[in-house]
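Colleague: Requesting a structural model of the entry that follows:
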Amino acid sequence: MDNSQQMHDRWMARYSRRSGVNYEEYNRIIASNNSLKERINKGDAYVSKRLYDNAVKELSQGISIGEQLLSDDNLIDESDLAKAYMNRGVAYEYQRNQVLALQDKTKSVEILERLRSNNKLYDEYILALAYMNRGATNESMRDYTMAVADAEKSIGILNQLKLEGRNVSSDISMVLANIGIAKSKQRTS
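Modeller: Residues are numbered from 1 along each chain as shown. Alright, predicted model coming up:
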């Protein structure tokens with residue numbers, strides 16, 4: 001064990017005696033958070049390799065860890081949990097399971113909106129992408145009204161980011177094109 005690790009361990013042992021913090025519990029929480037991030041990264045890698053069953057399995061395990069941490073006094077960065085739901089939704093979509101894809105993407109949007117309403121969302125761009133992604137699933141399910149609504153929410157966020165100086169012009173163009181396509185399909189259906 002290196003010197004810095006020993007110092008950390010001694011400090012945590014001393015701190016836990018004084019403050020009543022359970023050192024083992026602290027380590028379990030840190031390990032669980034790392035495991036959640038690891039599951040998300042593995043799930044992402046499986047999606048990029050088109051191994052969707054493996055991606056769903058990894059991300060499901062990550063979601064389970066994240067939900068447990070959330071119930072343990074909110075000991076998690078919830079945006080990681082939202083990312084796990086979104087990525088599992090993407091994997092489901094590639095498996096052509098639109099219903100589960102939409103459920104997970106909706107859960108992701110709900111988490112991100114809750115963070116936003118509590119001023120805990122560190123990057124609004126993530127929420128814009130979540131709406132854009134869910135809108136694409138709604139379009140593939142031929143729910144053009146919801147596809148347009150999600151795209152319009154995404155555009156609203158992206159326009160605000162543009163006013164703040166973010167370079168989101170290509171995203172705005174893509175969402176506007178998607179709105180046009182969805183409205184066109186809506187008229188013909």
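Colleague: From the rest of the structure, what touches stretch 169-178?
Modeller: 128-129, 132, 135-136, 139, 147, 151, 154-155, 158-159, 162 (Cβ atoms under 8 Å, 6 or more residues apart in numbering). From N, CA and C alone the C-beta is placed, and that goes for glycine too.
Colleague: export those residues to CSV and tack on secondary structure and pLDDT?
Modeller: Shown next, in CSV, are these (DSSP: H, G, I helix; E, B strand; the rest coil; pLDDT from 0 to 100):
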residue, secondary structure, pLDDT
Ala128, helix, 94
Leu129, helix, 93
Met132, helix, 93
Gly135, helix, 94
Ala136, helix, 92
Glu139, helix, 91
Ala147, helix, 92
Ala151, helix, 92
Ser154, helix, 93
Ile155, helix, 92
Leu158, helix, 93
Asn159, helix, 91
Lys162, helix, 91
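Colleague: And those, which of them are buried?
Modeller: 128-129, 132, 135-136, 139, 147, 151, 154-155, 158 (16 or more other Cβ atoms under 10 Å).
Colleague: Now for those residues: which two are most distant?
Modeller: Maximum pairwise distance in these, criterion Cβ to Cβ, is 17.7 Å, between Glu139 and Leu158.
Colleague: Give the buried residues for stretch 175-189.
Modeller: Using 16+ other Cβ under 10 Å as the test for burial, stretch 175-189 gives 175, 178-179, 182.
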